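>>> I'd like to go over a predicted model; first the sequence, then the structure.
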Amino acid sequence: MEGQELPCVLIDCIGGKHGVYEDHAEFLKERFCLITMKEYLENKNFLGKKIRAIYMWYHRPVINEELLQSLPNLKIVASSGVGIDHLDLNLLSSYGVKVSNTPFIVSTDTADLGMALMLASSRRLVEGHQMAISPDTEYFPANWLGAEVSGATLGIIGMGTIGYKVAERAKAFEMKILYHNRKQRNKEEEHAVGATYCKKIDDLLQQADFVMLAVNLTPQTHKLIGKRELQLMKPTAILINISRGLVVDQDALVEALQNKVIKAAALDVTYPEPLPRDHPLLKLKNVIITPHIGSATMKTRHLMKENMTESIQAGLAGLPIPNEVLL
Ligand SMILES: O=CC(=O)O
C-alpha cells in the first residue's frame, strides 16, 4: 500500500465506553484512513466526499438519511455482530450502499452465554453468590433449591446458527430439545441434535422447562412473547433471551415474574439498554440480567474486526463481500 492513499473509513470514536477498541484502531489504521464522527462533523464538506466505508461498531455511528446524503462516495457499511435491526436496509440500498455483518463469528459465544444464563438462573447462581458473601444471611436455608437443567426440556425459538449451537450444547446436557422456526424446518440439523420440531409455538411454550429466544428481531418477531405466550408457559419455566429485548413484551414479562406466572427470566438483552435504574425488572430476585454480552469475548471481537475489515476491502475493490446482508 506504500505511496497509495488509504481509503477513508468513518468510525464513531476510538476508546471510551462505546468506541472502537484502541488496539483494533491500530490494526485498522494500517489499512484505512480512519475518520471519527467528531472529525467528520468538524469538516463535513471536505471529509464527507472522502469517506468510502463505515465501520459500524456496535450500532455506532448512527446512520440516517442526513448522514447518507453527505457521503456521496460511501460504498459499504460493515456492521459488527449478527443483528441488523438497527439498520434501514432499504434506505442504504437506495443510496447504493452495501451492508455486511459478522453472523457466524458470534454464534458460538452467544450460544455459550445462553447456556450460562440457563444454568445460572436454574441453579440460582447470583442469589447463591450473594448469600455466600453476605455476613448476615443464613448460609444455606433449607428451602433454597434450584431446578435441574440436565434431562429437562429446552424449547429453542429460532433455530438459526445460534439456536443450533445452543441445541448442540443442550444435547450434551441430555436435555429434551424442542424447537420452533417460523419459516423453515431443517430435518438434517434436527436429526443431528435429536431435536423435535414444534410447528406451533404454543406447543413448545406449554412443554418447555426452559424457553430460549434466539430469533432475529424483525416486524414478525417484535414482542413475539407477550402476556398470552407467558401464560402458556409452565409456572416452573424459565425464559432466557439472547436475541433482542424487543422480542419480549417487557411489561408483560414483569407482570408474569411478579405474579409467578413463570418462575424466572435470564436476559442478555432488554429495552432500553441499559434499563433505567428504577425499572421493576432490576428489583426482582427471579431475574438475571447481563449487559448484552453474547459475543463479548476477546477472540470473537478480534475475529469480528478482521471480518469487518475484509468486507470493507472487498466492497471497495468491487469483489464479492464476505457476509453481505442482502435485502
Ligand atoms: O447483539 C449482538 C449481535 O447482533 O451480534
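The structure has been received and is ready for your questions.
>>> element containing Met115?
If you go by DSSP states H and E, Met115 is part of helix 103-122.
>>> what sits up against the next helix or strand after that helix?
Downstream of helix 103-122, the first helix or strand assigned by DSSP H and E is helix 125-133. Residues outside helix 125-133 that contact it (Cβ atoms under 8 Å, 6 or more residues apart in numbering) are Leu119, Ala120, Thr137, Glu138, Tyr139, Phe140, Trp144, Lys285, Ile288. (C-beta placed from N, C-alpha, C; glycine too.)
>>> check the gap between the residue in the stretch 101-250 of the chain positioned nearest to the ligand and Asp112 for me.
Across the stretch 101-250 of the chain, no residue is closer to the ligand than Val106, which sits at 4.4 Å (Cβ to the nearest ligand atom). Separation of Val106 from Asp112 (Cβ to Cβ, to the nearest Å): 11 Å.
>>> those two - which one has more neighbours?
Neighbour count, other Cβ atoms under 10 Å: between Val106 and Asp112, Val106 has more, with 24 against 17.
>>> quick one: contacts for that one?
Val106 neighbours (Cβ under 8 Å, 6+ apart): Gly81, Val82, Ile162, Gly294, Ser295, Thr300, Met304.
>>> from those, which is closest to the ligand?
The ligand has its nearest neighbour among the contacts of Val106 in Gly81, at 2.5 Å by Cβ to the nearest ligand atom.
>>> secondary structure element holding Val269?
Of the helices and strands defined by DSSP H and E, none includes Val269.
>>> need the contact list for it.
Asn241, Ile242, Ser243, Arg244, Gly245, Val247, His292, Gly294.
>>> what's the local residue count around the nearest residue to the last one once chain neighbours are set aside?
The one in question is Gly294. Closest residue to Gly294 apart from its sequence neighbours, by Cβ to Cβ, 6 or more residues apart in numbering: Thr110 at 3.7 Å. Residues contacting Thr110 under the criterion other Cβ under 10 Å number 25.
>>> which stretches of this protein form strands?
Taking DSSP state E as the test, the strands found in the chain are 8-11, 33-36, 51-56, 76-79, 98-100, 153-157, 176-180, 195-197, 210-213, 238-241, 264-267, 287-289.
>>> list the residues that contact Lys260.
Counting by Cβ under 8 Å, 6+ apart, Lys260 has contacts Pro235.
>>> look up how far Lys299 lies from the residue of the stretch 101-250 of the chain closest to the ligand.
Distance of Val106 to Lys299, given as Cβ to Cβ: 11 Å.
>>> swap in Ile63?
Distance, Ile63 to Lys299, using Cβ to Cβ: 28 Å.
>>> between the two, tell me which one has more neighbours.
Between Ile63 and Lys299, counting by other Cβ under 10 Å, Ile63 is the more crowded of the two (24 against 11).
>>> residue contacts, that one?
Taking Cβ under 8 Å, 6+ apart, one finds Ile54, Met56, Val77, Leu87, Asp88, Leu92 in contact with Ile63.
>>> mind putting those into a markdown table with distance to the ligand?
Formatted as a markdown table, the contacts of Ile63 follow (distance: Cβ to the nearest ligand atom, whole Å):
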| residue | distance to the ligand |
| --- | --- |
| Ile54 | 16 |
| Met56 | 11 |
| Val77 | 14 |
| Leu87 | 11 |
| Asp88 | 16 |
| Leu92 | 17 |
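>>> buried subset of these as a PyMOL selection?
In PyMOL, this line selects whichever of the contacts of Ile63 come out buried by 16 or more other Cβ atoms under 10 Å:
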select buried, resi 54+56+77+87+92
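>>> residues contacting the spatially most central residue of the chain?
Geometric centre of the chain, nearest residue: Ser243, 4.8 Å, by Cα atoms, centre = their mean. Going by Cβ under 8 Å, 6+ apart, Ser243 touches Gly83, Gly158, Leu213, Ala214, Val215, Asn216, Leu217, Thr221, Val269.
>>> pLDDT wise, what is it at?
Per-residue confidence at Ser243 stands at 98 (pLDDT).
>>> got it, and Glu2?
Glu2 carries a pLDDT value of 52.
>>> likewise for His18?
On the pLDDT scale, His18 is placed at 88.
>>> surely it touches Tyr58?
Yes - when contacts are counted by Cβ atoms under 8 Å, His18 is listed as touching Tyr58 (6.7 Å).
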